[in-house]
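>>> Fold the following.
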Amino acid sequence: MRDSRAYLSAARICLALPLTLTACGPSEDRTGASPEIPTPATSNGDTGEPTPGEGSFIESTDADRTDADSTAEVTALMLHSWDTTTDRTQTAAAIRAKSLMNEDWAAQQVEPERNAAQGAWLEPAQHQAYSSPSIVPAPSDVSKDIAEDKAIRAYDVRWQWESRNGEQLTATGQRIVTIYLEKHDERWYVVGHQFQDMSQ
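You can find the predicted model right below:
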């Protein structure tokens, strides 16, 4: 796995999209009346803490690690599964996806002191909201198999926010995410990812 950095440097040269390497990105604000006092979130019976996404979030165990597409798709969804009641930053989602990454890339998933999307999260947080992402292949030629053990997959990710207090939220977001993968011992690992914000 030590050749991951060299592979990433070569792969990025081929990208047609102007991507920015980052661990988190923005969403959008919504408009509407001031929210009422939010109701309590569903809690985890073992810890008493709210359950991220009310149990709706996809998990790393849902990925077929022998398949590059499955590994990339689950990673793309996990990277955009946020819960304003349990996550301090967007990087919390990447930390939950560390088991899909190789050792080097997983070690780089560290939460910053401040949330880069803090402004965009203000409205959803007032409703104890969590994101509901969906993906489709990105309309580009970025996705390709580089070799038998190296692949790139790009997705158009869109999300909306689901509130816990019954309010209909109009906030949405969109990003292009590019996932870099390598295969070791018949299992695919994410060795890098990049985001391109598409939100207005």
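>>> and the residue sitting nearest the centre point of the chain, what does it touch?
What sits nearest the mean C-alpha location of the chain, by C-alpha atoms, centre = their mean, is Leu79, with 1.3 Å. Leu79 is in contact with Ala93, Ala94, Ala97, Val157, Val177, His193, counting by C-beta atoms under 8 Å, 6 or more residues apart in numbering. Backbone N, C-alpha and C define where each C-beta goes, glycine included.
>>> which residue ranges form the helices in this structure?
For the chain, the helices defined by DSSP state H cover 4-13, 68-78, 91-96, 103-107, 118-126.
>>> on that earlier part again, could you dump the contacts of Leu79 into TSV and include pLDDT?
Output for the contacts of Leu79, formatted as TSV (pLDDT from 0 to 100):
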residue	pLDDT
Ala93	97
Ala94	97
Ala97	98
Val157	98
Val177	98
His193	98
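>>> tell me which of these is nearest to Gly55?
Ala93 (15.5 Å; C-beta to C-beta).
>>> Number of residues surrounding the closest one?
Using other C-beta atoms under 10 Å, the number of residues around Ala93 comes to 23.
>>> surely it meets Asp87?
Yes. Under the contact definition of C-beta atoms under 8 Å, Ala93 touches Asp87, with a separation of 6.8 Å.
>>> where does the chain dip in pLDDT?
Low-confidence regions of the chain, defined by pLDDT under 70, span residues 1-48, 200.
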